[in-house]
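What shape does this take:
(one chain, ligands or ions: 1)
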Amino acid sequence: MLRLQLLILGLAALVGWLALAAPSPAQAQGGGALTIFFLNVGQADAALLDAPDGSVALLDAGDAPSGQDLLRFLGDRAVARIDWWLPSHPHADHVGGFTAVLNAGVPVVHALLPSPQYNTPTLMRQLGMLFSSGVDVQNAAAGQTLTLDRAGQVTAEVLNPPEPPETNDVNENSVVLLVNFGQTYFLFGGDIGTRTEANVVARQLANVGTWPPIDVLKVPHHGSAGSSSQPFLNVIRPRWAVVSVGARNSYGHPTVAALDRLTSVGAEILRTDQLGTIVTTSDGTTVTVEIAPYIHLGVPQPP
Ligand SMILES: [Zn+2]
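Purely as a prediction, here's the structure:
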């Protein structure tokens, strides 16, 4: 009886292994997968992009208390180099954690910074370290297209801010990135509000004439009521909406109004305060979502 059970277990393991080993259509063409981790950093934003060829981009880095955990996470994933540092805007909840990365001497190749700059002591110290270590520092302006990996499979189109910027507001000047791999698209909205959402949509429609289907939206401004406007969502219609928020945060994020609007266009909402770190993987055709509550960075959240 025991032998039969072992045989069945062995067969099940073999079938499981074969299922795991079977390449997806994109992988069969030698593509591999793109993985984006929306890290659970409390009331802040941080995402790590891991391209099929191993190139790495960091899109925001959480706040300062998350820095050491972010570093540990990079170490766990054997990230030896950040190919692109892509802060959306210089507020502490988006760039604070990057100081620990720089202090640890993790090499950074390129940095695309929001413009105009916003001078905080943290940002000035980071800029000093970036420039002194020979990082290729560029200013973000709508219309640029970055190639994030050496294989040229993953690109990021800069959709905001325009050059010259239309406002001095730091949130509204967030760098908005449209990341593309194969037929899949990820939109990173920084902390933009209604007015910039409208401008981003209008510019893209004027320039390209259409919007690609958005698989994953990093919901602008942590789901505040002044973002995720209906006209914006009606155009981009994301399949998944990732909201990066701290449990019981003092801002009341995400707001019911923003969540209702996201739901009204059919988006499935994924909240870091409820689910923890959210891992999205694209094989170039389809995006799949996995929850990784064990990856938590920064200050422990209240239960
Ligand atoms: Zn923010």
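
count of neighbours near Leu39?
By other CB atoms under 10 Å, the residues close to Leu39 number 31. From N, CA and C alone the C-beta is placed, and that goes for glycine too.

Wait, it touches Ala292, no?
No: using CB atoms under 8 Å, Leu39 is not in contact with Ala292; the gap is 9.2 Å.

Need the overlap of contacts for these two.
Jointly contacting Leu39 and Ala292 under the rule CB atoms under 8 Å, 6 or more residues apart in numbering are Thr277.

Can you pull the residues of the stretch 101-250 of the chain lying near the ion?
Contact residues, the stretch 101-250 of the chain versus the ion (CB under 5 Å from the ion): Asp191.

could you redo the last one with a cut-off of 6 Å?
Proximity of the stretch 101-250 of the chain to the ion (CB under 6 Å from the ion) is limited to residues 191, 222.

Could you list the low-pLDDT ranges of the stretch 101-250 of the chain?
Along the stretch 101-250 of the chain, segments meeting pLDDT under 70 span 116-117.

roughly how far apart are the residue of it found nearest the ion and Gly209?
Closest approach between the stretch 101-250 of the chain and the ion, counting by CB to the ion: Asp191, at 4.5 Å. Asp191 sits 28 Å away from Gly209 when distances are taken as CB to CB, to the nearest Å.

contacting residues around the closest residue to Gly276 other than its chain neighbours?
Excluding the flanking residues, the one nearest Gly276 by CB to CB, 6 or more residues apart in numbering is Pro293, at 3.3 Å. Pro293 makes contact with 40, 275-277, according to CB under 8 Å, 6+ apart.

Okay, Pro293 and Arg239: tell me how far apart.
22 Å.

rewinding a little: Asp191 and Gly209: who's more crowded?
When neighbours are counted by other CB under 10 Å, Asp191 and Gly209 differ, and Asp191 comes out ahead with 24 against 7.

and Val158, what is it in contact with?
By CB under 8 Å, 6+ apart, the neighbours of Val158 are 112, 140-146, 175-177.

List only buried entries from those residues.
112, 140-142, 144, 146, 175-177 (16 or more other CB atoms under 10 Å).

quick one: which of those sit in strands?
Judged by DSSP state E, these include 112, 146, 176-177 as members of strands.

and those residues as CSV, adding distance to Asp215?
Below are those laid out as CSV (distance: CB to CB, whole Å):
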residue, distance to Asp215
Leu112, 22
Leu146, 19
Val176, 16
Leu177, 14
